[in-house]
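A.B. asks: The following block contains a protein sequence and its predicted model.
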Amino acid sequence: MTQISEKRITKKMKELLKQRFGGFWFKVHGGPFQAAGIPDLIGCVEGCFIAIEVKRPERMDQVSTLQAVTLDQISRSGGLAFVACDPEEAVKRVAEYLSTS
(Lines give C-alpha, C1' and ligand atoms only; values in the text may rest on other atoms or scores of the structure.)
Protein backbone atom coordinates (compact mmCIF):
# COMPACT_ATOMS: atom_id res chain seq x y z
CA MET A 1 0.00 0.00 0.00
CA THR A 2 1.47 3.33 -1.08
CA GLN A 3 1.42 6.10 1.50
CA ILE A 4 0.65 9.63 0.39
CA SER A 5 3.41 12.08 1.24
CA GLU A 6 3.00 15.04 3.54
CA LYS A 7 4.06 17.23 0.61
CA ARG A 8 1.13 15.99 -1.52
CA ILE A 9 -1.34 16.37 1.37
CA THR A 10 -0.14 19.94 1.95
CA LYS A 11 -0.39 20.84 -1.73
CA LYS A 12 -3.95 19.47 -2.02
CA MET A 13 -4.95 21.15 1.26
CA LYS A 14 -3.61 24.51 0.10
CA GLU A 15 -5.42 24.19 -3.25
CA LEU A 16 -8.75 23.34 -1.61
CA LEU A 17 -8.47 26.09 1.00
CA LYS A 18 -7.59 28.71 -1.63
CA GLN A 19 -10.42 27.52 -3.88
CA ARG A 20 -13.01 27.48 -1.08
CA PHE A 21 -12.04 30.61 0.87
CA GLY A 22 -9.66 32.67 -1.24
CA GLY A 23 -7.40 34.67 1.00
CA PHE A 24 -3.66 34.30 1.39
CA TRP A 25 -2.04 30.88 1.89
CA PHE A 26 1.56 29.75 1.87
CA LYS A 27 3.58 26.65 2.63
CA VAL A 28 6.31 27.15 5.19
CA HIS A 29 9.52 25.44 4.12
CA GLY A 30 11.52 24.74 7.24
CA GLY A 31 15.25 25.02 7.27
CA PRO A 32 18.23 26.14 9.33
CA PHE A 33 17.18 29.81 9.13
CA GLN A 34 13.52 29.11 9.99
CA ALA A 35 12.19 29.20 13.54
CA ALA A 36 11.47 25.65 14.71
CA GLY A 37 7.88 24.58 15.35
CA ILE A 38 6.21 26.84 12.76
CA PRO A 39 3.18 25.07 11.22
CA ASP A 40 3.38 23.84 7.62
CA LEU A 41 0.57 25.89 6.15
CA ILE A 42 -0.25 29.51 7.03
CA GLY A 43 -3.27 31.45 5.84
CA CYS A 44 -5.15 34.68 6.33
CA VAL A 45 -8.83 34.73 5.38
CA GLU A 46 -11.34 37.45 6.25
CA GLY A 47 -8.81 38.89 8.69
CA CYS A 48 -8.36 35.57 10.49
CA PHE A 49 -4.95 33.98 10.99
CA ILE A 50 -4.91 30.24 10.32
CA ALA A 51 -2.05 27.79 10.92
CA ILE A 52 -2.15 24.10 10.05
CA GLU A 53 0.42 21.48 10.98
CA VAL A 54 0.09 18.86 8.24
CA LYS A 55 0.76 15.20 9.04
CA ARG A 56 0.34 11.92 7.22
CA PRO A 57 -2.57 9.92 8.72
CA GLU A 58 -0.27 7.43 10.44
CA ARG A 59 1.69 10.29 12.05
CA MET A 60 -1.22 12.36 13.44
CA ASP A 61 -0.11 11.62 16.99
CA GLN A 62 3.51 12.60 16.31
CA VAL A 63 3.35 16.34 16.93
CA SER A 64 6.51 17.55 18.60
CA THR A 65 6.37 19.46 21.87
CA LEU A 66 7.55 22.60 20.09
CA GLN A 67 4.87 22.23 17.40
CA ALA A 68 2.18 21.76 20.07
CA VAL A 69 3.39 24.83 21.99
CA THR A 70 3.38 26.93 18.81
CA LEU A 71 -0.14 25.81 17.87
CA ASP A 72 -1.29 26.63 21.40
CA GLN A 73 0.30 30.11 21.28
CA ILE A 74 -1.47 30.84 17.99
CA SER A 75 -4.80 29.64 19.41
CA ARG A 76 -4.39 31.70 22.58
CA SER A 77 -3.61 34.72 20.40
CA GLY A 78 -6.96 34.43 18.62
CA GLY A 79 -5.94 32.49 15.53
CA LEU A 80 -7.04 29.06 14.38
CA ALA A 81 -4.31 26.44 14.75
CA PHE A 82 -4.68 22.69 14.37
CA VAL A 83 -3.16 19.46 13.08
CA ALA A 84 -4.69 17.86 9.99
CA CYS A 85 -4.03 14.96 7.65
CA ASP A 86 -7.10 15.28 5.43
CA PRO A 87 -7.60 18.28 3.12
CA GLU A 88 -11.41 18.03 3.31
CA GLU A 89 -11.29 17.98 7.11
CA ALA A 90 -9.08 21.08 7.08
CA VAL A 91 -11.62 22.89 4.87
CA LYS A 92 -14.37 21.88 7.31
CA ARG A 93 -12.42 23.16 10.35
CA VAL A 94 -11.69 26.50 8.66
CA ALA A 95 -15.34 26.88 7.57
CA GLU A 96 -16.53 26.26 11.14
CA TYR A 97 -14.03 28.77 12.51
CA LEU A 98 -14.96 31.45 10.00
CA SER A 99 -18.68 30.99 10.64
CA THR A 100 -18.14 31.79 14.34
CA SER A 101 -15.67 34.66 13.87
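C.D. replies: All right, it came through fine.

A.B. asks: what's the neighbour count on the nearest residue to Ser101 once chain neighbours are set aside?
C.D. replies: Excluding the flanking residues, the one nearest Ser101 by C-beta to C-beta, 6 or more residues apart in numbering is Cys48, at 5.5 Å. From N, CA and C alone the C-beta is placed, and that goes for glycine too. By the criterion of other C-beta atoms under 10 Å, Cys48 has 16 neighbours.

A.B. asks: just checking, Cys48 touches Gly79?
C.D. replies: Yes - with contact defined as C-beta atoms under 8 Å, Cys48 reaches Gly79; the gap is 7.0 Å.

A.B. asks: one step back: and the residue nearest to Ser101, what does it touch?
C.D. replies: Counting by C-beta atoms under 8 Å, 6 or more residues apart in numbering, Cys48 touches 79-80, 97-98, 101.

A.B. asks: Switch those over to CSV, and while doing so, append secondary structure to every line.
C.D. replies: Compiled in CSV, the contacts of Cys48 are given as follows (DSSP: H, G, I helix; E, B strand; the rest coil):
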residue, secondary structure
Gly79, coil
Leu80, strand
Tyr97, helix
Leu98, helix
Ser101, coil
